[in-house]
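> this one's structure only:
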């Protein structure tokens, strides 16, 4: 990962610095880090690794809880002087076009895993090594990871970064996404309580 531009980013949540990271093979879709303006890396840092979800983050889709997770995360990160890593891996890594195709399969009765598999993908194609590289670039050594996804915690097992604690991020399901929540918990092992 190559660190590129950064700028001050005052938000409705608080004051952050936004920093872009690119891979040599994809400079047009930079990954982003939002660093609280009072970040102190000498202490354990609260971290949220958030994968891009255009439909949820930007348009407020009720099919998922991504936009609500992003909002709540930024509130928590502001209160704890933390860092958001925003990874450009839309639709669990399958991209926006395939995500829309998966939506159509879900409307036919498939769950989110079955829909991805029907398109020839794994249930989750995401990779968190980029987030680890960004945190290493920031010289962050100890973190409290804001997540319900055990895969994110496990991604740090052989890294130079120590996960001291998993912090749950609970969003109340709605009638549109209840089945999505159920699949995440029963088939993907997501944990909706404090570890």
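Ah, there it is. What you see is a predicted model; the values in this text were computed from it and never measured. Numbering: from 1, shown residues only.
> assumed residue 85 was part of a strand.
Yes: when DSSP: H, G, I helix; E, B strand; the rest coil is applied, residue 85 is found to be in a strand.
> who touches the strand ranked longest in the chain?
Assignment by DSSP state E gives strand 26-36 as the longest strand of the chain. Residues outside strand 26-36 that contact it (CB atoms under 8 Å, 6 or more residues apart in numbering) are 1, 4, 9, 14-22, 74, 77-78, 80-88, 130-131, 134, 138. C-beta: built from backbone N, CA, C; applies to glycine.
> I'd like the average pLDDT over that strand.
Averaging pLDDT along strand 26-36 yields 88.
> list the buried residues in that strand.
Of all the residues in strand 26-36, those buried under the rule 16 or more other CB atoms under 10 Å are 30, 31, 32, 33, 34, 35, 36.
> helix or strand right after it?
Using DSSP states H and E, the helix or strand that follows strand 26-36 in sequence is strand 45-51.
> quick one: strands adjacent to that next one?
Here strand 45-51 is paired, per DSSP bridges, with strand 83-87 (parallel), strand 142-146 (parallel).
> so which of the contacts of strand 26-36 belong to helices?
Secondary-structure check on those using DSSP state H: residues within helices are 74, 77, 78, 130, 131, 134.
> and the contacts of strand 26-36, which are buried?
1, 9, 14, 16, 18-22, 74, 77-78, 80-88, 130-131, 134, 138.
> any idea which residue of the chain is furthest from its center?
In the chain, counting by CA atoms, centre = their mean, residue 108 sits farthest out from the average C-alpha position, at 27.1 Å.
> I'd like to know how far residue 145 sits from residue 3.
22 Å (CB to CB, to the nearest Å).
> kindly report the same for residue 135.
Counting by CB to CB - residue 135 and residue 3 are separated by 12 Å.
> could I get the pLDDT score of residue 159?
With respect to pLDDT, residue 159 has a value of 95.
> quick one on the thing from earlier: need the max-distance pair from the buried residues of strand 26-36.
Using CB to CB, these reach their maximum pairwise distance at 30 and 36, which is 19.6 Å.
> residue 47 contacts residue 86, doesn't it?
No: counting by CB atoms under 8 Å, residue 86 is not a contact partner of residue 47; they are 11.7 Å apart.
> which residue is nearest the middle of this structure?
Nearest to the geometric centre of the chain sits residue 50, at 1.5 Å (CA atoms, centre = their mean).
> tell me what that residue is bridged to.
Bridge pairing for residue 50 - DSSP bridges - gives residue 86.
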